[in-house]
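>>> Would you be able to build a 3D model of this:
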Amino acid sequence: MVIETSDTVWTKTKQLSSYVSSRVFHSPSDVGEVPTRLQGHQAIVRPAPRESKMSECSVGSCNSSAQLIKDQCYSLEVPEGGFPKNESFVSEDYLSDSSEGDDDSSRGTWDNPIEFLLSCLSFAVGLGNIWRFPYLCYRNGGGAFLIPYVISLIFMGLPVFLFEMGAGQFSSEGPIGVWKICPLFQGIGYAMCCLSLYIGTYYNIILSWAFFYIFSSFTTNLPWASCGNWWNTEACRRFDSKNCTSLGGIMANEDDCVFAKDVTIDVWRKLNETATNAKMPSDEFFHFFMLDISKGIHDIGSIRWELAGCLLIAWIIVYCALWKGIKSFGKLVYFTALFPYAILVILLIRAATLPGYMDGINFYLTPKWEKLLEINVWADACIQIFFSLGVTWGGMVTLASYNKFKNNVFRDAVMVAIGNCCTSFFAGFVIFGIIGFMAHELGVKVEDVAAQGAGLAFIAYPEAVSRMPISPLWSILFFLMLLSLGFGTQFSTTETVITVILDRFPQFRGKNRRWCTLAVCGCMFLAGLSMITEGGMYILQLVDNHSATYSALILGCTEISVMAWIYGVDQFLEDLKFMLGYYPYPRIYWKWAWKVVAPTIVVLILICTWKDYSGNTYGDYNYPIWANYAGWVITFSSVIWIPIVAIFKISQEEGPIMDRIKKLIKPSPDWGPASPRHKQFEGTRNYDAKFKGLKRDVEGSNMTLITNASQSAIINGDIKEHNISQLEPLKEAFEDDPSSDEEGLNMRVIIEDKNKDTTVTSSDETKNTVPTSKK
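Alright, predicted model coming up:
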C-alpha cells in the first residue's frame with residue numbers, strides 16, 4: 001500500500017486536511033484546535049484493525065487521491081449509490097446555511113426568534129421604566145429631556161447592547177465563556193455573574209412586596225385608604241384638604257378643618273408642625289405595617305414572616321419558570337412581555353377619565369430648554385439608558401447565547417432598545433396622569449406629589465388608587481403589572497447565574513438541571529431573608545446603590561474597550577458579517593461608537609456618579625460610615641474578579657511575563673461559533689488570519705484514509721472494497737507559513753505483514769520499501 005505524495009495530491013488535499021481536521025469533523029475533546037497544515041511533517045499511517053479487501057488497482061496504475069472518510073468521533077455515512085458528484089469533497093448539505101441542528105443541543109435553543117425577542121424585551125423593560133423614567137423626565141426639563149435621552153441611546157446604549165447580544169450569539173457561550181475572545185479579561189464574565197447574583201437576590205424582594213399588596217387588596221376597602229388602623233400614628237393624615245387649604249385652613253384630622261381665628265396661637269403653631277410632619281396612610285402602611293421598619297441598619301430586628309412567605313412564592317415561580325431551561329422560560333415570556341402593555345393601556349384609559357389628568361401630562365411633557373445646558377441632565381439621561389437596557393448584567397449575553405447562529409441579532413438589538421425607550425415614554429402618560437389626579441384631589445401642585453422608585457410604586461400610586469371607584473380592582477391590576485415586569489427581568493437575571501454554572505460544569509445539564517436550578521434559587525432565597533427583616537429596607541437600599549451602579553459602569557467601560565482595542569473592532573464587525581451576511585449599517589458609525597464614543601460616555605457617567613456620591617441615605621436617615629464602607633466592599637467584590645482572574649491565568653502560563661500576556665490577549669483557540677459547520681470563516685485562510693503569527697500546540701486529528709482508489713471509484717463504488725487505514729495523530733507544534741503551499745505531502749506508510757515479523761515503510765523521501773523490525 002502506497003500513499004501518493006505528488007503535488008497533485010497535495011493540491012487536492014492541502015486545504016481539505018486543514019479544514020476537515022479541525023473544523024468539520026472536530027472532536028469535542030479537540031475544540032481548542034486551530035486550522036493547520038501538514039507542512040513537511042511526517043504522518044504515520046497504520047492499517048485499520050478490521051480486515052479489508054485490497055483494491056484491484058496496482059500501485060501507480062490508478063490516479064488515486066487520498067480521500068478522508070471518517071473522523072475518530074464523527075462519521076460520514078455513505079448513501080446508497082455512493083457519494084453525489086461534487087467538486088467539493090465536503091457535502092454542500094453539511095455546509096449549508098440551514099440553522100437546523102447547528103447549535104449545542106445540550107444547551108438548548110429558542111424554539112423560534114419571537115421567543116428571543118420577547119425575552120430580551122421582557123428583560124430590558126423592568127420596574128425602572130415605570131418608576132424612574134417619568135420622574136427623571138419631569139425633573140430634567142420635561143419634553144426637552146427626550147433629546148439627551150435619544151442621543152444617549154444612539155451613541156452609548158445601542159453599541160453596548162449590540163456587542164453583548166452579538167458576542168453571545170456568535171459564540172453560544174454565557175458571560176464567562178464569551179470571554180474566550182480575550183482570556184486575560186475573562187474576569188469580566190465572573191464579575192457579570194456576581195452582578196446578576198446581587199440583583200437577582202434583592203429584585204425578588206421587591207416582587208414579594210407586590211405580592212403582599214395584591215393579597216392586601218382582596219378586600220372591600222383598601223387598608224391604606226384611612227388612618228383608622230392599629231399601625232397608624234398621630235401624624236397620619238388623609239389629606240382630603242382641597243377646600244380647606246384653599247381657604248387657609250389646616251386639617252386637624254380626617255374630618256375637621258381648623259382656621260387660625262378659631263384657635264389659640266400655640267394650638268395653631270402645633271397644627272402647623274403636625275401638618276409639616278404628616279404622613280399619608282399609604283406611607284404608614286408601607287413602612288409601619290408591611291416593613292415594620294426599624295430605626296436604622298444597625299437594628300436588623302426579626303424576620304417579617306408574612307414577607308418571607310411572599311418571597312418564597314416568588315422564588316417558587318422563578319424555579320418553575322427555569323427548571324426546564326429556555327424551553328419553559330420561552331413560553332412564559334409571551335405573558336411577562338405582553339401583559340404589562342395590556343395593563344398600561346387599561347390604566348391609561350382609566351387615568352384619562354380622571355380630573356387633573358391633563359395637569360399631570362402638561363407637567364410631564366412641557367419642555368424646559370434651559371435644562372439642556374446642565375450637565376446633570378445629560379448624566380441622568382446616560383445613566384437611565386445604561387441601566388434600563390440591563391447591559392453588563394450578563395443577561396443579554398445569556399439570552400443571545402441560545403440563539404440560532406444565523407439569527408438577525410442586529411435587527412433584534414435595535415428593536416429591543418427602541419421598544420424599551422418607547423415603553424418608558426408611554427408609561428409616563430399613565431404615571432403622571434394619575435399623579436395629576438392625585439394633585440387635583442389634594443389641592444396641591446403636581447411637583448409636590450411626584451416621586452420615584454419605591455416611593456412612587458408603593459406609596460404615591462397606591463394613595464391615588466385608593467381614591468378611585470372600585471379601588472381594589474385597580475390596585476390588583478397595577479401590582480400584577482409590576483409583577484409581570486419584575487418577573488421578566490428576574491427570570492433572565494437568575495438564568496444568567498444558572499447558565500454560568502452549567503457552562504462551567506456541563507454534567508449538570510439535562511436532567512440534572514432541575515437540581516442546579518433548585519440550588520441557585522434556594523441560595524438566593526436564603527440570602528434575601530436578611531432584606532425582609534425589620535432593618536431589611538436599609539440593607540436592600542445599600543445593595544441596590546452599590547451592586548449595580550459603579551461596578552456596572554466599570555464593567556461596561558472595560559468590556560467595550562477590550563473588544564474594540566484588543567480583540568479588534570474590525571474583526572468583531574467581520575464576525576457580525578459572518579452571522580448576518582452584511583455589516584451593521586452604517587459600519588463607520590458602529591466602528592467609532594465602539595472604539596471612542598461609547599467608552600468615553602461611560603467613563604464620564606462614572607465620573608459624574610462618583611462626584612455626586614455623598615454617602616447612602618434613606619429618607620431622613622443617614623447611613624453610618626461603616627455601612628458606606630460596606631457598600632464599597634459590595635461594589636468591588638464583583639469588579640475585583642477582573643484582576644484576580646487575570647493574575648491566575650498569567651500564573652498558569654509558561655515563559656516570560658510579556659509572552660504570557662501576549663498569548664492571553666489573543667482569542668482562545670476555541671473562540672468562535674459552537675457548530676462545526678460554522679467554524680469555517682469563508683475559507684480557512686480568512687479564519688487563520690485571526691491567529692497569524694501565533695504558535696500553538698496542536699494534536700493531529702485521528703482520521704481514516706481510503707487509499708489507492710480513484711475519486712470515481714469512491715463515488716460510484718462500494719467503499720468496503722477499498723483498504724481502510726488510520727492516520728496516526730501528530731503531536732507537534734505547527735506554525736502557519738504560507739511558504740509551505742508549494743511543499744509536497746510528506747507521509748510515511750507502515751504496512752504490517754501478519755505473516756512476517758516485519759513492517760514496511762514508505763515515504764516521499766525514500767520511494768522504496770524499507771524493512772524494519774516490528775516492535
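>>> Setting aside sequence neighbours, what's the nearest residue to Asn407?
Of all residues not flanking Asn407 in the chain, Pro113 sits nearest, at 5.8 Å (CB to CB, 6 or more residues apart in numbering). To be clear about C-beta, it is placed using only N, CA and C from the backbone, and glycine gets the same treatment.
>>> ok, how many other residues are close to the one you found?
Neighbour count of Pro113, defined by other CB atoms under 10 Å: 15.
>>> got a list of what it touches?
403-404, 407-408, 412 (CB atoms under 8 Å, 6 or more residues apart in numbering).
>>> Which ones among these map onto helices?
Asp412 (DSSP state H).
>>> any idea of the pLDDT on the residue nearest to Asn407?
pLDDT, Pro113: 88.
>>> Kindly provide the distance from it to Val409.
The gap separating Pro113 from Val409 is 10 Å, by CB to CB, to the nearest Å.
>>> which residues are common contacts for the two?
Asn403.
>>> quick one, phi/psi of the residue nearest to Asn407?
phi -60, psi -30 (degrees, to the nearest 10).
>>> Now do the same contact list for Phe339.
Taking CB under 8 Å, 6+ apart, one finds 480-481, 484 in contact with Phe339.
>>> same thing but 10 Å
122, 480-481, 483-485, 487-488 (CB atoms under 10 Å, 6 or more residues apart in numbering).
>>> what do you get for His298?
Here His298 is in contact with 535, 538, 623-624, 626-627 (CB under 10 Å, 6+ apart).
>>> farthest pair in these?
Taking CB to CB as the measure, the contacts of His298 reach their widest spread between Gly535 and Trp626, a distance of 14.1 Å.
>>> neighbour-wise, which of the two wins?
Using other CB under 10 Å as the criterion, Gly535 and Trp626 rank with Gly535 on top: 21 against 10.
>>> quick one: that one from Leu291, how far?
As judged by CB to CB, Gly535 and Leu291 stand 9 Å apart.
>>> tell me, what's touching those two both at once?
Joint contacts of Gly535 and Leu291 (CB under 10 Å, 6+ apart) do not exist.
>>> isn't Ile560 right up against Trp594?
Yes. Using CB atoms under 10 Å, Ile560 is in contact with Trp594, at 6.1 Å.
>>> if I look at the residue nearest to Asn407, how far off is Gln169?
Remark: distance between Pro113 and Gln169 (CB to CB) = 11 Å.
>>> Please identify every residue contacting each of those two.
403-404, 407-409, 412.
>>> Among those residues, which one is most surrounded by other residues?
Val409 (26 neighbours).
>>> That one contacts Phe170, correct?
Yes. Using CB under 10 Å, Val409 is in contact with Phe170, at 8.3 Å.
>>> Can you work out which residues contact both of the two?
With CB under 10 Å, 6+ apart as the test, Val409 and Phe170 both reach 400, 403, 576, 579.
>>> So which of those sit within helices?
Going by DSSP H, the helices hold 400, 576, 579 from those.
>>> The last one touches Asp412, doesn't it?
It stands for Met579. No. The pair Met579 / Asp412 is not scored as a contact, 11.7 Å apart, by CB under 10 Å.
>>> can you map out the helices along the stretch 201-350 of the chain?
Using DSSP state H, counting those that start in this stretch, the helices found in the stretch 201-350 of the chain span residues 242-246, 265-276, 281-284, 305-322, 326-352.
>>> now swap in the stretch 551-700 of the chain and tell me
569-580, 587-592, 598-611, 625-639, 641-652, 657-664, 684-688.
>>> among those helices, which is nearest Trp378?
helix 598-611 (8.6 Å).
>>> contacting residues around the closest one?
Applying CB under 10 Å, 6+ apart, the contact partners of helix 598-611 are 151-152, 155-160, 163, 375-376, 378-383, 385-386, 391-392, 549-550, 552-561, 563-565, 590, 592-593.
>>> Could you tell me which of those count as buried?
Among those, the ones that count as buried by 16 or more other CB atoms under 10 Å are 151-152, 155-160, 163, 378-383, 385-386, 391-392, 549-550, 552-561, 563-564, 590, 593.
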